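Q: sequence and computational prediction follow.
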Amino acid sequence: MNRPLFKVALLLALTALVYADVGRHPFVRLDDFTYVTGNPIVRGGVTAAGVRWAATTFHEANWHPLTWLSHMLDVSLFGMNAGRHHLVNLLLHATNAALLLLVLTRMTGAPWRCFLVAALFAVHPLHVESVAWVAERKDLLSALFWILAVLAYARYAARRSTTAYLAVVLLFACSLLAKPMGVTLPFALLLFDIWPLHRIALDRDGADAPRFGAAPLRRLVVEKLPLLALALASSIVTVAAQAGGASVVPLAVIPLATRAGNAVATIAAYLGKTFVPASLAVFYPHPWYLGGLPAGRVIAATLLLCGVSLLALLWARRRPYAATGWFLFIGMLIPVIGLVQVGSQAMADRYTYLPLIGVFIVLAWGTADLAAALRLGRFAPAALWGAAILTLAVVARGQVAIWRSDDALFAHAIEVAPSWLVHTNFGEVLQERGESAAAAAHYRDALRLAPGDTVARHHLADIFAQSERFDEAIVELEAALRARPEDAIARYKLGSLLFRQGRTGEAIAAFRETLARAPDDTETRSNLGVALMAHGEIDEAITQLRETLRRSPGDPVALQNLDKALGRVGAPLAGVEAGTR
């Protein structure tokens, strides 16, 4: 049966088989808090102020206004019902799979091979992260407009109309406004010009006749210039956003040679997880923070990628789908393989959402050619692929279950890819539930993996302080300050603990240094006034408390303490001075 509606229905059924349970999942701690649950602007739904904010903010070290608007719209429609937010992700993913089937069928005229690509896209476990994580709405939205842009380009290639081309530009812009991952679209379109559009003529054996008409390479490149301009603009804005958010790791921290080695190993790892989707985790720590990559692994990955690339080039004339698919996979990963290192992760499942289309194309067309060469007929390949897709669907469904709660997500990540970040986040979840001992154990594990993790030290210090183990809390805060001397919060906490221990002079010094780094911190200034008063330095205490009230008028704690200080020297109370008494 070749009816398109049957294939779409089958795709939707497969997608539902894998993801139906997400409608019962909660928000998770990682990023869902900053994107939705703890973001007051998003929680306000779609408003004029929210639209302005979405268009101008670099919040979370990104500029993706369409993504913010999408989350705001969800809140306007569904409130904070997490299941509904998840179901929107599911709807977008199912739509992307159906559109992928449509665009590939239009370009190739091979409906069942295209269905295989779309089915792999729909059920592959590497895609679970993008669908089951509300904060990754940006992946789905960006991919939606990216696929639509390719569809518009196929129409333009067939008709060469200005309207169709403008549609490509507009849809590409929308993709970038959701997430800059799609910046490689101009490169991808050139690959599609080779195959399956055959707009770049290659000597072939006639098996694949041109369906859209050849064109000079120069014209095809010129066609992409407006798209390249958009990609460049998006890249500049993205770099500015990430640099402003202090998320870009300097070369002085991770050298370029190390980044290149990790990039090669990462691409090979993505390829390996495509065929054996095991040990998938929400966070894979960069090997630089864990002692580095073994040279043998980098060499093996380099040989693998070079070998496959050479094979794809050798097959470019007789099997052009191999070159298009393989270099689509490699090219679309370039922005996220860590040459510009953002954050402390080595890789992420979500980064494969679009690039894996290239691998799936090679698999679908390659196995069809192999089956024809071996004269296997249609039944045996169909049965094997059917079994493979169902197996992937079952594995993906199991991966979806891991996202059912923070506990399940973090416990699984610790099992397959232990990292300081996951231990720290798991500790925060447990600490909020009052399970301080279990939380402290995770913070210690985080510090064992990354002694410089100041977040874990802060939390440990809080746990010790709450149980009045002040000496241990001070040790953790001092260690945090050795790792990050500019950490004003750690220094403020240290001053507060020193004061509670009666070490007033040391507390004053800590508060003064905090204010030197954060002069607008009125809470620290108020506490400095109290410490000075306890130390007998009444005049300066009054000065600091008055400055606190100047910066934070009406602060009741500062006003009360100022009254005490003024009473010590027999001066009129602060309220009388202010005319409020």
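A: Received it, and whenever you're ready, just let me know what you need. Residues are numbered from 1 along each chain as shown.

Q: can you give me the strands in the stretch 201-350 of the chain?
A: 284-285, 345-347 (DSSP state E, counting those that start in this stretch).

Q: which one of these lies nearest to Asn62?
A: strand 345-347 (14.9 Å; C-beta to C-beta). All C-beta atoms are positioned from the backbone trio N, CA, C, and that covers glycine.

Q: follow-up on the earlier one: which one of the strands of the stretch 201-350 of the chain lies nearest to Pro250?
A: Per C-beta to C-beta, nearest to Pro250 of those: strand 345-347, 16.4 Å.

Q: contacts for the closest one, please.
A: Contacts made with strand 345-347 from outside it, assessed by C-beta atoms under 8 Å, 6 or more residues apart in numbering, are listed as Asn262, Thr266, Ala269, Tyr270, Phe283, Tyr284, Pro285, His286, Pro287, Ile337, Gly338.

Q: repeat that with 7 Å
A: The contact list for strand 345-347, computed with C-beta atoms under 7 Å, 6 or more residues apart in numbering, reads Asn262, Thr266, Ala269, Tyr270, Phe283, Tyr284, Pro285, His286, Pro287.

Q: burial measure for the second one, as a count.
A: For Thr266, the number of neighbouring residues by other C-beta atoms under 10 Å comes to 24.

Q: contacts only, for it.
A: Thr266 is in contact with Ile337, Gly338, Ala346, Met347, counting by C-beta under 7 Å, 6+ apart.

Q: name the nearest residue to the residue nearest to the spatial centre of the chain, ignoring sequence neighbours.
A: For the chain, Glu136 is the residue whose C-alpha lies nearest the centre (C-alpha atoms, centre = their mean; 6.6 Å). Excluding the flanking residues, the one nearest Glu136 by C-beta to C-beta, 6 or more residues apart in numbering is Ser130, at 4.7 Å.

Q: what pLDDT, on average, does the helix or strand containing that neighbour get?
A: Element membership of Ser130, judged by DSSP states H and E, is helix 128-132. The average pLDDT for helix 128-132 rounds to 98.

Q: tell me the buried residues in the next helix-or-strand element following that helix?
A: Next in sequence after helix 128-132, counting helices and strands by DSSP H and E, comes helix 137-159. Across helix 137-159, burial judged by 16 or more other C-beta atoms under 10 Å covers 137-157.

Q: just stretch 310-319 next, same as before
A: Ala312, Trp315, Ala316, Arg319.

Q: span of that stretch from start to end?
A: Length of stretch 310-319, first residue to last, C-alpha to C-alpha, to the nearest Å: 13 Å.

Q: what about this protein, any weak spots by pLDDT?
A: For the chain, applying pLDDT under 70 flags the ranges 1-2, 201-214, 245-246, 571-581.

Q: same thing but 80
A: 1-3, 201-215, 244-247, 569-581 (pLDDT under 80).

Q: show the subsequent helix or strand relative to the longest helix anywhere in it.
A: Secondary structure assigned by DSSP state H gives helix 82-108 as the longest helix of the chain. Sequence order places helix 111-123 as the next helix or strand after helix 82-108, per DSSP H and E.

Q: which secondary structure elements does that following helix contact?
A: Under the contact criterion of 3 or more C-beta pairs under 7 Å, 6 or more residues apart in numbering; DSSP states H and E, helix 111-123 touches helix 4-19, helix 82-108, helix 356-373, helix 379-402.

Q: counting contacts, what elements does the longest helix of the chain pack onto?
A: helix 4-19, helix 65-78, helix 111-123, helix 128-132, helix 137-159.

Q: what comes up buried for it?
A: For helix 82-108, the neighbour count (16+ other C-beta under 10 Å) marks 82, 85-90, 92-108 as buried.

Q: number of residues surrounding Ala240?
A: Ala240 has 13 nearby residues by other C-beta under 10 Å.

Q: moving C-terminal of whichever helix or strand Asp407 is part of, what's the next helix or strand?
A: Here Asp407 sits within helix 406-416, counting by DSSP H and E. Downstream of helix 406-416, the next assigned helix or strand under DSSP H and E is helix 420-432.

Q: okay, angle between that next one and helix 406-416 too, please.
A: On the basis of axes from the mean of the first three to the mean of the last three C-alpha atoms, to 10 degrees, helix 420-432 is oriented at 150 degrees to helix 406-416.

Q: using PDB, write out every CA atom in helix 420-432.
A: Backbone C-alpha positions of helix 420-432 (Å, rounded to 0.1, in the frame of the first residue of the first chain) are rendered in PDB as follows:
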ATOM      1  CA  TRP A 420      29.500  16.500  39.100                       C
ATOM      2  CA  LEU A 421      26.600  18.400  37.500                       C
ATOM      3  CA  VAL A 422      24.100  15.500  37.900                       C
ATOM      4  CA  HIS A 423      25.200  14.700  41.400                       C
ATOM      5  CA  THR A 424      24.800  18.400  42.400                       C
ATOM      6  CA  ASN A 425      21.400  18.600  40.800                       C
ATOM      7  CA  PHE A 426      20.300  15.300  42.400                       C
ATOM      8  CA  GLY A 427      21.500  16.700  45.700                       C
ATOM      9  CA  GLU A 428      19.500  19.900  45.300                       C
ATOM     10  CA  VAL A 429      16.300  17.800  44.700                       C
ATOM     11  CA  LEU A 430      16.900  15.700  47.800                       C
ATOM     12  CA  GLN A 431      17.800  18.800  49.900                       C
ATOM     13  CA  GLU A 432      14.600  20.500  48.900                       C
END
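
Q: so Ala215 sits against Arg199, correct?
A: Yes: the criterion here is C-beta atoms under 7 Å, and Ala215 meets it with Arg199 at 5.0 Å.

Q: tell me the domain boundaries of this protein?
A: 4-407, 419-503, 520-581 (automatic domain parsing).

Q: do you know which of these lies nearest Ala510?
A: Across the domains of the chain, Ala510 has its closest neighbour in domain 419-503 (3.3 Å, C-beta to C-beta).

Q: list the contacts of stretch 37-51.
A: Counting by C-beta under 7 Å, 6+ apart, Phe27, Tyr35, Val36, Trp53, Trp68, Leu69, His71, Met72, Leu73, Val75, Ser76, Met80 sit against stretch 37-51.

Q: distance-wise, check the third one relative to Pro180.
A: Noted for Val36: a distance of 21 Å to Pro180, by C-beta to C-beta, to the nearest Å.

Q: now do the second one
A: Shown here: Tyr35 relative to Pro180, a distance of 16 Å by C-beta to C-beta.

Q: how far out from the middle of the chain is stretch 329-345?
A: 12 Å (C-alpha atoms, centre = their mean, to the nearest Å).

Q: and what of stretch 356-368?
A: With C-alpha atoms, centre = their mean, you get 26 Å for stretch 356-368.
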